[in-house]
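Undergrad: I'd like to go over a predicted model; first the sequence, then the structure.
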Amino acid sequence: MLFGRQLGPKQKILRTSDWVCKSCRSKSARFSSSIASGAKPYYITTPIFYVNAAPHVGHLYTIVLTDIFKRWQVLKGNTAILCTGTDEHGMKIQQAASKANIPPKEFCDSGATVFQSLAKRAKLSNDHFVRTTDKDHVAAVEYFWYMLRERGYIYTSKHEGWYSVSDEAFYPESAVEKRLDPFTGKTFMASQETGKEVEWTSEANYHFRLSAFKDRLLDFYKANPKFIIPARRMSDVVKSVSDGLEDLSISRPVERLSWGIRVPEDETQTIYVWLDALVNYITKAGYPWAPGQKNAGGWPADVQVIGKDIVRFHCIYWPAFLLALDLEPPKQILTHAHWTMDHQKMAKSTGNVVNPFFAMDRFGVDVMRYYLVHDGGIMDDSDYGNHVIVERYKKGLQGGLGNLTSRITKSNLWSVRDSIKAAKAGTLGEPDETTLSQIQVLSTLRGEVAKKIDELNPGAALQLIMNAVYEVNPLTSPSENDLNT
């Protein structure tokens, strides 16, 4: 082993034969029975969403982005798998359920139903909907923990530091600052990164030897320069890791956090919610894998789509956990920007959160999908506006794509069927300069769009398509001579 273990007083060393995940005890083929052998499918994931609050337009934006990548692969004739779901453990869920006076599982069931409804309403073509309270996920997390411990990457220690319930994360002294709440005048300590309130905690728990992975992570980033999109966030992550890593607390005492997965063989500790949550991506890829089945469920993921506020967890912690077990990290992580309202961050406290269900009811699902991709930001935040949605609809979908479709399929000047037959027979005649211009635009469009999708920039791909629509549209309008013949 690379490191010696430090075991708590109530622990014992487990041999491999002593521990079998609960799911496997009764269903030995559970993780591979529904996974077909052969080439690795293209695998795309959304982050899993907390159930303590209702969905907002940012959730809708994320799932639409992933849906584009899935549908693009299917359009190309490839097998693709899309996974989404809900994050149902942790302090914030425990507190929200307590405040609502509802048992935590019942609270989570209700919240998960809402996000399942969002996926269905938004026409998300997901293959999996994972819940961290699912039995197969719990078993996968327990096994993942066991393997980390067997390799010597987990030890016990007293932890003191600032903890954010909202972020479900510990922050060092250098990453917190005093802030003033403008609505109440109250001062509080907050994370510099997210602005969320933190509280000082001191407790004994389990730690992961994250500090041991500085060089391995930097080597991985160097070998995979496009691991994080956009490049500027890749640079930020490389700098953060280069500055040094501290070991990571990966459990909480059960008296503080009872709602979660217990540490195997230690009922006094609950597994850290982010370790629990991150494993979801391999749960639905069939982890723990039967021999020869590691790639059958899609792992490593081809693209994982996340918001910019959870980069550290996905781009530092997640690959470190995987590297510890000699598992491949995802191929790429797309980190998108946020949506604002009146150029201010959306927040429940200010009442400027956009309800995605209301938006789809008002404008239509396809209009919202179009708008979010057309105007949504990858590097920079985008400002949401109902008037902009109407403008995008009128120009792009009604006046652009709608007009072009109508002119081509309902024209009194030609028949689409007859034109196709003539083209096949070679009797269309020589194209004029205008027709040659249309041919040039359309013949290069597919390759240009594919390039943007490959760069994980579907917004730019959509812009190319709409530019072609706008360019070709006037050329399909009947001329005055046509109308007089």
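TA: Received it, and whenever you're ready, just let me know what you need.
Undergrad: longest helix of the protein?
TA: As assigned by DSSP state H, the longest helix anywhere in the chain is helix 433-454.
Undergrad: From the contact counts, what lies against the next helix or strand after that helix?
TA: In the C-terminal direction, the helix or strand that comes right after helix 433-454 (DSSP states H and E) is helix 458-472. Secondary structure elements in contact with helix 458-472, counted by 3 or more Cβ pairs under 8 Å, 6 or more residues apart in numbering; DSSP states H and E, are helix 57-75, helix 365-375, helix 433-454. Backbone N, C-alpha and C define where each C-beta goes, glycine included.
Undergrad: Give me the nearest residue to H343, chain neighbours excluded.
TA: On the basis of Cβ to Cβ, 6 or more residues apart in numbering, the spatially nearest residue to H343 that is not a chain neighbour turns out to be D383, at 5.4 Å.
Undergrad: Just say helix, strand or coil for the one you found.
TA: State at D383, reduced to three classes by DSSP: H, G, I helix; E, B strand; the rest coil: strand.
Undergrad: residues in contact with it?
TA: W339, T340, M341, D342, H343 (Cβ atoms under 8 Å, 6 or more residues apart in numbering).
Undergrad: so what pLDDT did it get?
TA: On pLDDT, D383 comes in at 96.
Undergrad: mind checking how far it is from K40?
TA: Applying Cβ to Cβ, to the nearest Å, the value for D383 to K40 is 39 Å.
Undergrad: do the same with H56
TA: H56 sits 34 Å away from K40, going by Cβ to Cβ.
Undergrad: ditto for M147
TA: For M147, the distance to K40 (Cβ to Cβ) stands at 22 Å.
Undergrad: Do a quick rundown of the helices in the stretch 251-400 of the chain.
TA: 273-278, 280-283, 311-312, 318-324, 356-363, 365-375, 386-392 (DSSP state H, counting those that start in this stretch).
Undergrad: Could you export those to TSV, including columns for mean pLDDT, mean neighbour count and distance to I261?
TA: As requested, the helices of the stretch 251-400 of the chain are arranged in TSV below (pLDDT from 0 to 100; neighbours: other Cβ atoms under 10 Å; distance: least, Cβ to Cβ, whole Å):
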stretch	mean pLDDT	mean neighbour count	distance to I261
helix 273-278	96	24	6
helix 280-283	98	26	12
helix 311-312	96	18	22
helix 318-324	98	22	15
helix 356-363	98	16	30
helix 365-375	98	20	34
helix 386-392	98	14	41
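Undergrad: what's the neighbour count on the closest residue to V57 other than its chain neighbours?
TA: Using Cβ to Cβ, 6+ apart and skipping the chain neighbours, the partner closest in space to V57 is V354 (4.0 Å). Other residues within reach of V354 by the criterion other Cβ atoms under 10 Å amount to 16.
Undergrad: May I ask you to confirm that V354 is in contact with W339?
TA: Yes. Using Cβ atoms under 8 Å, V354 makes contact with W339 at a distance of 7.3 Å.
Undergrad: which residues do the two both contact?
TA: V57, M346, Y384.
Undergrad: Pull up the gap between the first one and V441, please.
TA: Using Cβ to Cβ, one obtains 33 Å as the distance from V57 to V441.
Undergrad: Neighbour count: the two, which is higher?
TA: Counting neighbours by other Cβ under 10 Å for V57 and for V441 shows that V57 has the greater number, 23 against 15.
Undergrad: residues contacting the more buried one?
TA: Contacts here follow Cβ under 8 Å, 6+ apart; on that basis V57 touches W339, M346, V353, V354, N355, P356, A359, L372, Y384.
Undergrad: Next one: the third one, what pLDDT does it get?
TA: If I follow you right, that is V353. V353 is assigned a pLDDT of 91 by the prediction.
Undergrad: For it, give its distance to Y384.
TA: 10 Å.
Undergrad: And K308, by the same measure?
TA: The span separating K308 from Y384 equals 16 Å under the rule Cβ to Cβ.
Undergrad: These two - which one has more neighbours?
TA: Set side by side, K308 and Y384 give different neighbour counts by other Cβ under 10 Å, the larger being at Y384 (23 against 16).
Undergrad: which residues of the stretch 101-250 of the chain score low on pLDDT?
TA: Per-residue confidence for the stretch 101-250 of the chain (pLDDT under 70) gives these ranges: 183.
Undergrad: now the strands for it?
TA: Taking DSSP state E, counting those that start in this stretch to define them, one finds strands in the stretch 101-250 of the chain at 128-131, 154-164, 169-171, 176-180, 187-191, 199-208, 228-229, 248-249.
Undergrad: Quick one, which of the ones you listed gets closest to G286.
TA: For G286, the closest of those is strand 128-131, at 10.7 Å, according to Cβ to Cβ.
Undergrad: Okay, buried residues for that closest one please.
TA: For strand 128-131, the buried set under the neighbour-count rule, 16 or more other Cβ atoms under 10 Å, comprises H128, F129, V130, R131.
Undergrad: Repeat that for stretch 254-264.
TA: Along stretch 254-264, these residues count as buried under the neighbour rule (16+ other Cβ under 10 Å): V254, L257, W259, G260, I261, R262, V263, P264.
Undergrad: Ends of that stretch, what's the gap?
TA: The distance separating the two terminal residues of stretch 254-264, taken as Cα to Cα, to the nearest Å, comes to 13 Å.
Undergrad: which residues touch that stretch?
TA: Counting by Cβ under 8 Å, 6+ apart, the neighbours of stretch 254-264 from elsewhere in the structure are 14, 19, 89-91, 93-94, 97, 104, 138, 141-142, 145-146, 201, 203, 206, 251-252, 267-271, 273, 276.
Undergrad: Stretch 364-375 now?
TA: By Cβ under 8 Å, 6+ apart, stretch 364-375 touches 57, 60-61, 64-65, 67-68, 121-123, 356, 359-360, 363, 382, 388-389, 392-393, 396-397, 458-459, 462-463, 466.
Undergrad: let's see 7 Å
TA: Taking Cβ atoms under 7 Å, 6 or more residues apart in numbering as the criterion, the residues outside stretch 364-375 that touch it are 60-61, 64, 68, 121-123, 359-360, 382, 388-389, 392-393, 396-397, 458-459, 462.
Undergrad: And stretch 416-431, by the same measure?
TA: Against stretch 416-431 from outside (Cβ under 7 Å, 6+ apart): I408, T409, I439.
Undergrad: Double-check that the first one belongs to a helix.
TA: Read that as I408. Yes. In this structure, I408 lies within a helix as judged by three-state DSSP.
Undergrad: pLDDT score assigned to it?
TA: Residue-level pLDDT assigned to I408 equals 85.
Undergrad: Thought T476 was touching it, still the case?
TA: Yes. Applying Cβ atoms under 7 Å as the test, I408 and T476 come out as touching, 6.3 Å apart.
Undergrad: Now do the buried residues in stretch 204-212.
TA: Neighbour-count burial for stretch 204-212 [16+ other Cβ under 10 Å]: N205, Y206, H207, F208, R209, L210, A212.
Undergrad: and of the residues you listed, the nearest to Y317?
TA: Top of the list for closeness to Y317, among the buried residues of stretch 204-212 and by Cβ to Cβ, is L210 at 7.2 Å.
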